[in-house]
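**Student:** turn this into a structure:
(2 chains)
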Amino acid sequence: DIVMTQTPLSSPVTLGQPASISCRSSQSLVHSDGNTYLSWLQQRPGQPPRLLIYKISNRFSGVPDRFSGSGAGTDFTLKISRVEAEDVGVYYCMQATQFPRTFGQGTRLEIK
Amino acid sequence: QITLKESGPTLVKPTQTLTLTCTFSGFSLSTSGVGVAWIRQPPGKALEWLTLIYWNDDKRYSPSLKSRLTITKDTSKNQVVLTMTNMDPVDTATYYCARTRWLQAAFDYWGQGTLVTVSS
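**Tutor:** Next up, the predicted model:
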């Protein structure tokens, strides 16, 4: 199985300031078709997960442009340019290059 | 509008079999490239992928749970059913179903989830 490791596990951020979450995979996520199937999800308190980013850097429909994804191979980053109160929650990276699909352990974003 | 909703028992006894149904609308599981997955989340813990079924009836399972899981679809009813045998208290979790599409390979729409507690 591909192991997904996120850092940090907790991130206190001031409103209006940027935030960054890293995700590292135990092996390359480049698929044989040339795509890299790394996505980011947000889970607000008491809510189901919500897709933010797919294939490294593609924002899903309705996702604010303050969210951006980058990376390649085994190292990926989710950035929030200016954190808002509604961004509080847990963020997960997930790989869909291989089965079984695997998630990171989650990063809790909280407001200072 | 795409929606998914999980249904089934909220409480099962150890060793029993759990059957959950995902009823969806706004898309069809007969459309090429579409799939529906089950993912679970124990209280306070991370997400764990369980299984996935595609439009062409291709099925994939978590290797660690494969012997206990069965996923089926009823395209006419817009439903996907998960069966998990020999339930244990460690299987207590919120169970989600979610849609995926071949080209994205991400879970783009999720149900609200259903909390299943395993206890005698």
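**Student:** pull up the residues of chain A that are close to chain B.
**Tutor:** With C-beta under 8 Å from any C-beta of the partner chain as the criterion, chain A comes near chain B at residues A:1, A:35, A:37, A:39, A:41, A:48-51, A:54-55, A:60, A:92, A:94, A:96-97, A:99-106. Glycine gets a C-beta too; all of them are placed from N, C-alpha and C.
**Student:** in chain A, which helix or strand is least confident?
**Tutor:** When the helices and strands of chain A are scored by mean pLDDT, DSSP states H and E, strand A:10-13 comes last with a mean of 94.
**Student:** list the buried residues in it.
**Tutor:** The neighbour-count check on strand A:10-13 (16 or more other C-beta atoms under 10 Å in any protein chain shown) flags A:11, A:13 as buried.
**Student:** just the strands in chain B please.
**Tutor:** With strands called from DSSP state E, chain B shows them at B:3-7, B:11-12, B:18-25, B:34-41, B:48-54, B:59-61, B:69-74, B:79-84, B:93-101, B:107-110, B:114-118.
**Student:** want to throw those into CSV with mean neighbour count and mean pLDDT?
**Tutor:** Formatted as CSV, the strands of chain B follow (neighbours: other C-beta atoms under 10 Å in any protein chain shown; pLDDT from 0 to 100):
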stretch, mean neighbour count, mean pLDDT
strand B:3-7, 18, 98
strand B:11-12, 16, 98
strand B:18-25, 18, 98
strand B:34-41, 23, 98
strand B:48-54, 22, 98
strand B:59-61, 18, 98
strand B:69-74, 16, 98
strand B:79-84, 21, 98
strand B:93-101, 23, 98
strand B:107-110, 23, 98
strand B:114-118, 17, 98
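**Student:** can you tell which of the ones you listed is closest to A:Gly69?
**Tutor:** Of all the strands of chain B, strand B:107-110 sits nearest to A:Gly69, with 14.9 Å by C-beta to C-beta.
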